[in-house]
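Sequence first, then the predicted structure:
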Amino acid sequence: MEHDVGKWENILVFEISKFMAIGVLVWTLPSSLLVLIVSFISVVIKGRKNRKRAVGFFHPYTNDGGGGERVLWCAVKAFQEESPDLDCVVYTGDHDASPQSLMGRAIDRFGVKLHYPPKVVHLYKRKWIEETTYPHFTMIGQSLGSVYLSWEALCKFTPLYYFDTSGYAFTYPLARMFGCKVICYTHYPTISLDMVSRVRDRSSMYNNDALIAQSTWLSRCKVIYYVFFSWIYGIVGSCADLAMVNSSWTQSHIGKLWKIPNRIKRVYPPCDTSGLQVLPLERPPKTPAIISVAQFRPEKAHTLQLEAFSVAIRKLDADLPRPKLQFVGSCRNKSDEERLQNLKDKAIELKVEGDVEFYKNLMYRDLVNFLGNAVAGIHSMIDEHFGISVVEYMAAGAIPIAHNSAGPKMDIVLEEDGQQTGFLAQNVEEYADAILEVIRMPELERLKMAAAARKRAGRFSEQRFYEDFKAAVRPILSHASK
């Protein structure tokens, strides 16, 4: 009995001390900061009271044209089917976006037919998440900027469910403060353990400048920065009520960083396998086409593809038809436009400009035509989290030549019924050899491999995405409705 009395006395003393400490802290705060804190709390309380029965999709770039945007529209459609009573609201920084234009974009660019147009909330602070805003410490800058952008979004419209489809994990604690259930679809972690390892090993890549890689002192500083960021990223990510991930590789990294294994569900992204699987496996006999479908971003490593294609052309047997390489992608901003122009200049430098074609921001139906004529599809991003374009190649009957890492290696380019489904490569020589092997392949052998690849691609269909997606969100929806 005396032990219990002592226990409660200690608790009482602790609580009194805590409130006294808070009182002292408030008393010593500058009046301007105190006003700011009070204003912040009042806005949050107002937002919590005015929450709407809706799901808000935080997707600032609704014109990026990549696999992430496809996931957005398929996720909107899945919610419309699973909970028709929920409004679907898209937070976008594209000021010309309207409900009708976004619905039209979903069908024109991705073949996704929404049941009704989503509502739109326009954001005007998107510059705070653009990489050009942060020449240095870009990762932390964009992450903190996303909190500011999310503040604008949630102040304008507070939904019951906050759904991040762009990987802005730093916004999750704020959404929780506004009383939202936080759901996310994570294509890749903002930082991965592989990134930390590469900086430690002083490997030069698109996210590790050569100047830093060559300096022991700068590399050590960057390792400290990455380790600290990983710790913070783990904390904010753990605020998700449900984290859907797109591959085995992403699941492994997110699980280690966020430490919420019971709230992580693997849901492979929606790939248009049904629309592409009706294409004939036979290809035009004259000029073999090799297609590369990817946004014109640095991590997609288009230059490697050009160099490998150049090597393959030089090694090509005289009696074989000369192939052509077709780049199909989208540009988000001026940097992407410049990158595209640099690729064109590189093709001239390598003396293959007559064999290389560039297509920007194609409509979906045009992309299907290109895929239907390609004998192979090339992909070269290191640690591509999944690789929707690789699945699209396989579904369309184009032999995939993908990077030997992450999603393509772990989930996609695997044997189907004991039959090889494509090629994996890591450097210019390996890519060049794979290109040559496809071109030299007898037609019967190519058809056999293409058929196996197409069968495997069926594992990543849109229908499978809808089924797995709905199964993942159903417990969250049913729990909130009680």
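Good, I have the coordinates.

Now tell me what touches whichever strand or helix holds residue 439 from outside.
Using DSSP states H and E, residue 439 sits in helix 428-440. Residues outside helix 428-440 that contact it (Cβ atoms under 8 Å, 6 or more residues apart in numbering): 288, 290, 304-305, 307-309, 311-312, 315-317, 320-321, 323, 375-376, 378, 380, 399, 401, 404, 423, 425, 446. Where you see a C-beta, it was placed from the backbone N, CA and C, and this is true even at glycine.

From the chain's centre, how far out is whatever helix or strand comes next after it? Work that out for me.
Using DSSP H and E, the helix or strand that follows helix 428-440 in sequence is helix 443-457. Centroid displacement of helix 443-457 relative to its chain, using Cα atoms, centre = their mean, to the nearest Å, is 28 Å.

And helix 443-457, what does it pack against?
helix 273-277, helix 388-396, strand 399-403 (3 or more Cβ pairs under 8 Å, 6 or more residues apart in numbering; DSSP states H and E).

From residue 164, how far off is the most centrally placed residue in the chain?
The residue lying closest to the centre of the chain (Cα atoms, centre = their mean) is residue 187, at 3.6 Å. As for residue 187, its distance to residue 164 is 11 Å (criterion: Cβ to Cβ, to the nearest Å).

Phi first, then psi, for the residue nearest to the centre of the chain.
The phi/psi pair for residue 187 (degrees, to the nearest 10) reads phi -80, psi -40.

do the same with residue 245
phi -120, psi 160.

Ok, the one 5 residues further on next?
Backbone torsions for residue 250, taken as degrees, to the nearest 10, come to phi -60, psi -40.

Please give me every residue in contact with the residue nearest to the centre of the chain.
Here residue 187 is in contact with 67-68, 71, 167, 246, 250, 269, 385-386 (Cβ under 8 Å, 6+ apart).

what do you get for residue 81?
Residue 81 neighbours (Cβ under 8 Å, 6+ apart): 115, 466, 470.

buried subset of these?
Listed as buried from those are 466, 470; burial here means 16 or more other Cβ atoms under 10 Å.

Same list, the contacts of residue 81, but as TSV with distance to residue 37 please.
Formatted as TSV, those follow (distance: Cβ to Cβ, whole Å):
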residue	distance to residue 37
115	43
466	44
470	41
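
I'd like the contacts of residue 81 as JSON lines, with secondary structure and distance to residue 145 appended.
Converted to JSON lines, these look like this (DSSP: H, G, I helix; E, B strand; the rest coil; distance: Cβ to Cβ, whole Å):
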{"residue": "115", "secondary structure": "coil", "distance to residue 145": "33"}
{"residue": "466", "secondary structure": "helix", "distance to residue 145": "33"}
{"residue": "470", "secondary structure": "helix", "distance to residue 145": "33"}
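
residues near residue 144, how many?
Residues near residue 144, counting by other Cβ atoms under 10 Å, number 14.

just the strands in this protein please.
Remark: strands assigned in the chain by DSSP state E are 52-58, 87-92, 119-122, 159-164, 181-186, 242-245, 264-266, 289-293, 324-329, 356-360, 374-378, 399-403, 423-425.

So which residues make contact with the last one?
Where contact means Cβ under 8 Å, 6+ apart, the residues beyond strand 423-425 that reach it are 308, 380, 399-404, 408-409, 413, 431, 433-434, 437-438.
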